[in-house]
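Asks: Got a predicted model here, sequence first, then my questions.
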2 protein chains.
Amino acid sequence: MDADPISSAEAGPARRDAERTRAEILEVAVSEFCEHGFDGTRVDAIAAKTRTTKRMIYYYFSSKEQLYVAALEFVYASIRSAEQEVDVAHLEPVAAIRRIAELTFDHHEAHPDFLRLITMENMHRARHIRQLSSLVSMNTPAVDRIATILERGRASGDFVRKIDAVDVHMLISSFCFFRVANQHTFGALFHRNLTDVALADHYRAMVGDLVVEYLTSDGDRTAPTVALAGPATRGAARRRARR
Amino acid sequence: MDADPISSAEAGPARRDAERTRAEILEVAVSEFCEHGFDGTRVDAIAAKTRTTKRMIYYYFSSKEQLYVAALEFVYASIRSAEQEVDVAHLEPVAAIRRIAELTFDHHEAHPDFLRLITMENMHRARHIRQLSSLVSMNTPAVDRIATILERGRASGDFVRKIDAVDVHMLISSFCFFRVANQHTFGALFHRNLTDVALADHYRAMVGDLVVEYLTSDGDRTAPTVALAGPATRGAARRRARR
DNA sequence: GTCCTAACGTACTAGATCGTTCATTGAGTG
DNA sequence: CACTCAATGAACGATCTAGTACGTTAGGAC
């Protein structure tokens, strides 16, 4: 048992294994920072949950803050590497953008810890994440994919809305992010569990509908807020026209 | 000068004024908790920014945690009292829901500190806010107003989407919330300042368009994600029909 | 074997931090 | 004016916490 050379992360003693020690510290640090935030996390608590000591945390990461940055980068990298580069090129523009929305939805659902770290970084006004310039390049593909779909959709005539890819990304993200990140206060104040598994399909469809309806309309009918006459008539006319 | 009986919150000494002392502690506590979070805030730091001492914080609020809860409640109450009960009954359903969206947008824009506290509460999994049952009743009017508009909209034929008021509120809030709360990481990763004043009108119009287009469509055209034929044709047909 | 060094552990420190103790003061009351 | 008590302040203490000093061990090189 104790002679097992290929010990799992939790099992064997595996003494003098720098890689494993470092990795274990990082793994525990991620979960502690996610749960308690930077200020709420205790270095001693991290050490206690590893099979090594606090000394090693400083040996490998120098300071609590550098450990935090390393944890941030680690989570970001693992999220991104896990994200399979889904191909939506074969889909019609409308179906493609809906697919992107649904993938974003699933991504947020699958990584609540990631969202917590992002949230914390915003509390810190992105002080740490700015140090990780590598993260910028990780996000451009996502926007580029949307940009391609938008171009195709405009060419086909499906998308008439004037909007760029960054805003579409923001629109999709905002819905998916809020649902997960604000579930607790929303649940407390409105008695609705946004992450109820029975509602997952409902909200996944909703974000798709949302972005599709937005992109396939041009807003000329609804733009003037102060218009007093017409909306009802126009709305009715539209429904008839769509039958 | 020092005899001024109606001293402002910052001016006169006003010794032995329980109300004022308590209020000043609360005010400073709000700003400190907003800035540094619960764990990041130092009771000594709060005391130092008031004209009284730490002793008084414990005299009036018993503990750091109870002070935090009091700060949370105070912010919530002041936000709500400042929110004028806007009348949208005279507006057509489409214009009314757009107005609600725009008001929500402005509300989020005007109260970033409030958003920070909400965010922190979600980090705490709403542990503190659950103690404040009074807050629930503060939020029902907002949802009720939306519900009324939805009913009117369905009656007039403008709104054909099947959705309830809570989800509409969530949809609007998610966009407005994300834009402000996640501005820092979003700016760092996508090089777009979501709170740039030059973009405020753009995003305010966007959230209005978003909710209006969503409610005035029924989604039957776009529901089947996997449908391979049709979207482009239908999209073109729709544009023609709307001319 | 012995030498070297990366990897590791124990025990500690200096300062921070929440909360308290104890004494005092001022404003209202009779 | 004396009395009372809410309101207040200075200083302290127990504990916690990030970070360190110093010694030890394992494992490879030769």
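Replies: Yes, it's here.
Asks: From B:Arg55, how far out is the residue of chain A found nearest DNA strand C?
Replies: For chain A and DNA strand C, the shortest gap (C-beta to the nearest atom of the strand) falls at A:Ala18, measuring 3.1 Å. C-beta coordinates here come from the backbone N, C-alpha and C atoms, glycine included. In this view, A:Ala18 and B:Arg55 are 51 Å apart by C-beta to C-beta, to the nearest Å.
Asks: ok, A:Trp189 - contacts?
Replies: One thing to correct before we go on: residue A:189 is Leu, not Trp. B:129, B:135-136, B:139 (C-beta atoms under 8 Å, 6 or more residues apart in numbering or on different chains).
Asks: how does it look with 10 Å?
Replies: A:182, B:76, B:118, B:126, B:129-130, B:132, B:135-140, B:142-143 (C-beta atoms under 10 Å, 6 or more residues apart in numbering or on different chains).
Asks: In space, what's closest to the spatially most central residue of chain A - neighbours in sequence excluded?
Replies: Most central in chain A under C-alpha atoms, centre = their mean is A:His108, positioned 4.5 Å from the mean C-alpha point. For A:His108, the nearest residue in space outside its immediate sequence neighbours is A:Cys176; the separation is 4.0 Å by C-beta to C-beta, 6 or more residues apart in numbering or on different chains.
Asks: can you check A:Asn182 too?
Replies: B:Asn122 (5.4 Å).
Asks: what number of residues lie near that neighbour?
Replies: 23 (other C-beta atoms under 10 Å in any protein chain shown).
Asks: Beyond the host helix or strand of it, next helix or strand please.
Replies: Secondary-structure element containing B:Asn122, defined by DSSP states H and E: helix B:112-123. Scanning the chain past helix B:112-123 towards its C-terminal end, the next helix or strand to appear is helix B:134-156 (assignment: DSSP H and E).
Asks: what is the rounded mean pLDDT of that next one?
Replies: Average pLDDT, helix B:134-156: 92.
Asks: how about that helix, does it get close to chain A?
Replies: Yes - where contact is defined by C-beta under 10 Å from any C-beta of the partner chain, part of helix B:134-156 touches chain A, namely B:135-140, B:142-143, B:152-153, B:155-156.
Asks: any chance of those residues in CSV, with distance to DNA strand D too?
Replies: Below are those laid out as CSV (distance: C-beta to the nearest atom of the strand, whole Å):
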residue, distance to DNA strand D
B:Leu135, 27
B:Val136, 30
B:Ser137, 29
B:Met138, 28
B:Asn139, 33
B:Thr140, 35
B:Ala142, 36
B:Val143, 39
B:Arg152, 51
B:Gly153, 52
B:Ala155, 55
B:Ser156, 57
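Asks: about what we covered before: give me the number of residues near the residue of chain A closest to DNA strand C?
Replies: Should you count by other C-beta under 10 Å, A:Ala18 turns out to have 10 residues around it.
Asks: Give me the helices and strands touching the one helix or strand A:Phe175 maps to, please.
Replies: For A:Phe175, the enclosing helix or strand under DSSP H and E is helix A:165-181. Judged by 3 or more C-beta pairs under 10 Å, 6 or more residues apart in numbering or on different chains; DSSP states H and E, helix A:165-181 is in contact with helix A:93-110, helix A:112-123, helix A:134-156, helix A:197-215, helix B:112-123, helix B:165-181, helix B:183-190, helix B:197-215.
Asks: For that helix, C-alpha coordinates in CSV please.
Replies: What follows is helix A:165-181 as a C-alpha-only set of coordinates in CSV (Å, rounded to 0.1, in the frame of the first residue of the first chain):
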residue,chain,number,x,y,z
ALA,A,165,-19.5,40.7,-31.2
VAL,A,166,-18.3,42.0,-27.9
ASP,A,167,-21.7,43.2,-27.0
VAL,A,168,-23.3,40.0,-28.0
HIS,A,169,-20.9,38.1,-25.8
MET,A,170,-21.7,40.5,-23.0
LEU,A,171,-25.4,40.0,-23.5
ILE,A,172,-25.1,36.2,-23.3
SER,A,173,-22.7,36.3,-20.4
SER,A,174,-24.7,38.7,-18.4
PHE,A,175,-27.8,36.4,-18.3
CYS,A,176,-25.8,33.2,-17.7
PHE,A,177,-23.6,34.9,-15.1
PHE,A,178,-26.4,36.5,-13.1
ARG,A,179,-28.4,33.3,-12.9
VAL,A,180,-25.5,31.4,-11.2
ALA,A,181,-23.7,34.2,-9.4
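Asks: now the angle from it to helix A:183-190?
Replies: On the basis of axes from the mean of the first three to the mean of the last three C-alpha atoms, to 10 degrees, helix A:165-181 is oriented at 70 degrees to helix A:183-190.
Asks: what angle sits between helix A:165-181 and helix B:197-215?
Replies: Taking the same axes, to 10 degrees, one finds helix A:165-181 and helix B:197-215 inclined to each other by 70 degrees.
Asks: Off-centre distance for helix A:165-181?
Replies: The gap between where helix A:165-181 is centred and where its chain is centred comes out at 8 Å by C-alpha atoms, centre = their mean, to the nearest Å.
Asks: how does chain A divide into domains?
Replies: Using automatic domain parsing, the domain parsing of chain A gives A:18-76, A:86-224.
Asks: Could you single out the most deeply buried of those domains?
Replies: Relative to the other members of the domains of chain A, domain A:86-224 carries the highest mean neighbour count by mean count of other C-beta atoms under 10 Å in any protein chain shown, namely a mean of 19.
Asks: quick revisit: of the helices and strands packed on helix A:165-181, which approaches A:Ala29 most closely?
Replies: helix A:112-123 (11.2 Å; C-beta to C-beta).
Asks: between the closest one and helix A:165-181, what angle do the directions make?
Replies: Angle of helix A:112-123 versus helix A:165-181, following the same axes, to 10 degrees, is 110 degrees.
Asks: Which elements pack onto helix A:112-123?
Replies: Using 3+ C-beta pairs under 10 Å, 6+ apart, the elements in contact with helix A:112-123 are helix A:18-40, helix A:64-82, helix A:93-110, helix A:165-181, helix B:18-40, helix B:112-123, helix B:165-181, helix B:183-190.
Asks: Ok, which of those comes nearest B:Val212?
Replies: helix B:165-181 (10.9 Å).
Asks: Mind checking the pLDDT average for that closest one?
Replies: Across helix B:165-181, pLDDT averages out at 98.
Asks: Low-confidence stretches in chain A?
Replies: Low-confidence regions of chain A, defined here as pLDDT under 70, cover residues A:1-15, A:82, A:84, A:221-243.
Asks: The helix holding A:Phe175 to helix A:93-110, inter-axis angle?
Replies: Here helix A:165-181 runs at an angle of 40 degrees relative to helix A:93-110 (the same axes, to 10 degrees).
Asks: Contact residues of chain A facing DNA strand D?
Replies: The interface of chain A toward DNA strand D, taken as C-beta under 7 Å from any atom of the strand, is made up of A:15-16, A:41-44, A:54-55, A:58, A:63-65.
Asks: residues in chain A within reach of DNA strand C, list them.
Replies: Going by C-beta under 7 Å from any atom of the strand, the residues of chain A near DNA strand C are A:15-18, A:20-21, A:51-56, A:59.
Asks: Now do the contacts for the residue lying closest to A:Arg116 once chain neighbours are set aside.
Replies: Using C-beta to C-beta, 6+ apart and skipping the chain neighbours, the partner closest in space to A:Arg116 is A:Cys34 (4.9 Å). Under the criterion of C-beta under 10 Å, 6+ apart, the contact partners of A:Cys34 comprise A:41, A:71, A:75, A:112-117, A:120, B:123.
Asks: which one of these is nearest B:Asp209?
Replies: Here the nearest of these to B:Asp209, counting by C-beta to C-beta, is A:Leu115; it sits at 26.4 Å.
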